[in-house]
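Colleague: model the structure of this input:
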Amino acid sequence: MRKQNTALPAQSWLVLAMAGLLTACGGGSSSDNPATDDHDHAHSGRLLYSLTDNTTLKVYDQAEKSFENLESDADGNAAQLVMADNGLSAAVYSRTEKTVQIVYSGLHAEEETATTEAEHGEHEHAEMLSTNLDSVDQVVGTRGHFSALRLGATQLLPTADAEAAGLNFEAALNTPASQTYPALVLEEAHDLKLFFAGNQAVIYEGTESKQTFACTTPSGHAEAGELTVLNCDGNAHFVLAEEHDGHHHFYTGAVEFDAATTVSGLTSNGHDIVAWNSTGAWALAAEEHSHVDAVSIATAEPEVAVHAEALTLDLNGAAICTAAFSTEDEDTLGVLTNNNQLHLINLADQSTRSIALDESTTVGCDHLRLATGPEAFMVADSDAGLVYLVDSHDGRPYHIHSRLRDNSIHTLENMVFMHAIDASHDHDHVH
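Modeller: Numbering: from 1, shown residues only. This is a model prediction of the structure:
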């Protein structure tokens, strides 16, 4: 079911920003013929954003170069947005109404590789689906699902076919009782899940509890392959689920840092997990911890350690606000700091590049927001009413592609860039 769509002013900053997204500097423009603008169409997407002073969600359609309002039954004011790991939909959580609704982008997975108008076919509009859930305390994304904590239980919604008729949240998972964080999917095929209740994390295989460990006040997570990392009261804790000879083995423990470290955030590109706090960032490569030797399992239960490697980052006394990976260029991590700089770290070769948001003046994290796309980062400065588009293309390193202004950005709350993400590039977008 599609809610009312209303065109927004064409002169808005996003017309310029998204028309130029991922096109060569000086090459593409909003007047280019879309049928021949292959680079632009190869990464078609929709920017979804919420404002603190408006209950209506906003969408910019990159391919059609048009704006839409998405009306919802819930209060979209200051809504939290959680993007699905395939990038094709987003959960909208209203803190005031405690309601979750789903925005479907109108895009399809095959558009990741399409390069012409014919290959893309007709673009559907982004729409607010009739799928919804009330009395929700929190919603997160986890391995192909949105997971909602509702009345002390978890309800899951598969995200692979967000536009499917009759799609709705699954029945409540109410064992264990009095859950404190949405349950996570460890592996769907064998019904492996991780629940949180009573200051503990509990691994379930089907309806059977397999393992329990302490996890006080869970506040975030990131997933990569078989590895899951949790933020348990500021401490990074890992879960590794592996199958050998038809049996599952679970390894858990504290992530090892070189010194005592409190974690404030986690993010993933599907292959690596990065943890950060205000003073530093650390990388955990999932492939280094997967595939525990089957021989050692047969003779004795092996000890598994997950070590975090510090990333080289010259902060010059600044504090880290948030971090996220770009898509497609999955090795590049963007780290946003409170002195108005975006630091780009390539995890493959450890190269770094720092870009100053040169027209921003306010020091602090509250006014800064970060969204990512293929080989691109969008940084919004709500105090300045300014958006920076930082991208890389044609062999040119990451740079400020454009600086765009609009008064509406002064009340920006949250934003995500919905676009088709290949399965090997799955990300965690909000933590």
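
Colleague: distance from the chain centre to whichever helix or strand His399 is part of, please.
Modeller: Using DSSP states H and E, His399 maps to strand 396-405. Counting by CA atoms, centre = their mean, to the nearest Å, strand 396-405 is centred 22 Å from the centre of its parent chain.

Colleague: how about it: buried residues?
Modeller: 398, 400-404 (16 or more other CB atoms under 10 Å). Placement of C-beta: from N, CA and C, glycine included.

Colleague: then stretch 145-156?
Modeller: For stretch 145-156, the neighbour count (16+ other CB under 10 Å) marks 145-150, 153-156 as buried.

Colleague: tell me the one of these nearest Ala356?
Modeller: Relative to Ala356, the closest of the buried residues of stretch 145-156 is Phe146; by CB to CB it sits at 36.3 Å.

Colleague: surely that closest one and Leu157 touch.
Modeller: Yes - Phe146 is within contact range of Leu157, at 4.5 Å (criterion: CB atoms under 8 Å).

Colleague: which residues do these two both contact?
Modeller: Contact criterion CB atoms under 8 Å, 6 or more residues apart in numbering; residues shared by Phe146 and Leu157: 91, 102.

Colleague: my guess is Cys321 contacts Val363. True?
Modeller: No - the pair Cys321 / Val363 is not scored as a contact, 10.8 Å apart, by CB under 8 Å.

Colleague: quickly list what's touching both of those two.
Modeller: Overlap of the contact sets of Cys321 and Val363 (by CB under 8 Å, 6+ apart) consists of Asn338.

Colleague: name the residue in those two with the higher neighbour count.
Modeller: Counted by other CB atoms under 10 Å, Cys321 and Val363 do not tie: Cys321 has more neighbours, with 23 against 13.

Colleague: follow-up on the earlier one: which SSE is immediately downstream of the strand holding His399?
Modeller: Next along the chain after strand 396-405, taking DSSP H and E as the criterion, comes strand 412-419.

Colleague: give me the contact list for that next one.
Modeller: For strand 412-419, the external contacting residues (CB under 8 Å, 6+ apart) are 43-52, 78-83, 87-90, 103, 105, 107, 126, 327, 369, 371-374, 378, 380, 382, 429-430.

Colleague: list the pairing partners of it within its sheet, with orientation.
Modeller: Strand pairing for strand 412-419, using DSSP bridges, gives strand 45-51 (antiparallel).

Colleague: in the helix or strand that the partner strand is followed by, which residues are buried?
Modeller: Sequence-wise, the next helix or strand downstream of strand 45-51 (DSSP H and E) is strand 54-61. Going by neighbour count (16+ other CB under 10 Å), the buried part of strand 54-61 is 55-61.

Colleague: filter the contacts of strand 412-419 to the buried ones?
Modeller: 43-51, 78-83, 87-90, 103, 105, 107, 126, 327, 369, 371-374, 378, 380, 382, 429-430.

Colleague: take the residues you listed and keep only those in strands.
Modeller: The strands, defined by DSSP state E, take in 45-51, 80-83, 89-90, 103, 369, 371-373, 378, 380 from the buried ones among the contacts of strand 412-419.

Colleague: SS state for Ser209?
Modeller: When classified by DSSP: H, G, I helix; E, B strand; the rest coil, Ser209 comes out as strand.

Colleague: so the closest residue to it other than its chain neighbours is in which element?
Modeller: Once flanking residues are discounted, Ser209 sits nearest to Val202: 5.6 Å by CB to CB, 6 or more residues apart in numbering. Val202 belongs to strand 200-205 when assigned by DSSP H and E.

Colleague: which residues does that strand contact?
Modeller: Contacts for strand 200-205 (CB under 8 Å, 6+ apart): 176, 186, 190-196, 209-215, 218, 230, 232, 237, 239, 241, 248, 250, 252.
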